[in-house]
Each structure stands twice: as structure tokens, then as C-alpha cells.
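Visitor: the following block contains a protein sequence and its predicted model.
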Amino acid sequence: MSTSRLQSEVDVLIFDFENANSTTREIQKRSKQLELINLEFKSKLDEIEQTVLYDASQKDNRNKATEIFRLTHELDKT
């Protein structure tokens, strides 16, 4: 092979390498953005879970209070 042919192949390889590096940097940047979005969604999910658990415990407390009232009323009747 001639030197110009080898140089041409080296130039193509360098070009491909630079493109791959550029693509890698873009993917890393996007990955960091997605990680931040993921953390934000996880935080929102945790908040929703806490709200659901709180609402469920409030409902359970109301049901138990009603049952206590009912049982107390029945006990008073006897």
C-alpha cells in the first residue's frame, strides 16, 4: 500500500474515532439528564406513596373509631 493510501485510512479512522467520542459525550450527557428525571420521578412517587399510606391510615382510623363508638353504644345499652 502506498503512504497516501495508509494516510487516507488513518484519516478515516481518526474521523470515525472523533465521531464516536462525540456520540459518547452526547450519550453521557443524555444519561445524566435521564438520571435527574428518574430521581425527580422517584421523589414524586415516594410523595404519592406517603399520601396514599396516610389516606389509608386515616380511613382505617375512622373505621376503627366508628367501630369503637358502635361497640361503646352497644355496651351502654346492656
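Guide: Now that the structure is in, tell me what you want to look at.
Visitor: from residue 52, how far out is residue 67?
Guide: Distance check for residue 67 against residue 52: by C-beta to C-beta, to the nearest Å, it reads 23 Å. Backbone N, C-alpha and C define where each C-beta goes, glycine included.
Visitor: just residue 23 next, same as before
Guide: When residue 23 is compared with residue 52 (using C-beta to C-beta), they lie 42 Å apart.
Visitor: cool, residue 9 as well?
Guide: Residue 9 is 62 Å from residue 52, where distance means C-beta to C-beta.
Visitor: now do the phi/psi pair for the residue most central in space within the chain.
Guide: In the chain, the C-alpha nearest the mean C-alpha coordinate belongs to residue 38, at 3.1 Å (C-alpha atoms, centre = their mean). Main-chain torsions, residue 38, degrees, to the nearest 10: phi -60, psi -40.
Visitor: look up how far residue 55 lies from it.
Guide: 26 Å.
Visitor: so how far is residue 37 from residue 44?
Guide: For residue 44, the distance to residue 37 - C-beta to C-beta - is 11 Å.
Visitor: next one: residue 55
Guide: Using C-beta to C-beta, we find residue 55 at a distance of 27 Å from residue 37.
Visitor: C-alpha coordinates for stretch 20-38, CSV please?
Guide: The C-alpha trace of stretch 20-38 is given here as CSV (Å, rounded to 0.1, in the frame of the first residue of the first chain):
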residue,chain,number,x,y,z
ALA,A,20,-17.6,8.0,18.3
ASN,A,21,-16.2,10.3,21.0
SER,A,22,-18.7,13.0,20.2
THR,A,23,-21.6,10.4,20.3
THR,A,24,-20.3,9.0,23.6
ARG,A,25,-20.3,12.5,25.1
GLU,A,26,-23.8,13.1,23.9
ILE,A,27,-25.0,9.8,25.3
GLN,A,28,-23.3,10.5,28.7
LYS,A,29,-24.9,13.9,28.8
ARG,A,30,-28.4,12.5,28.0
SER,A,31,-27.8,9.7,30.5
LYS,A,32,-27.2,12.3,33.3
GLN,A,33,-30.3,14.2,32.2
LEU,A,34,-32.3,10.9,32.4
GLU,A,35,-30.8,10.2,35.8
LEU,A,36,-32.0,13.5,37.1
ILE,A,37,-35.5,12.9,35.6
ASN,A,38,-35.5,9.5,37.2
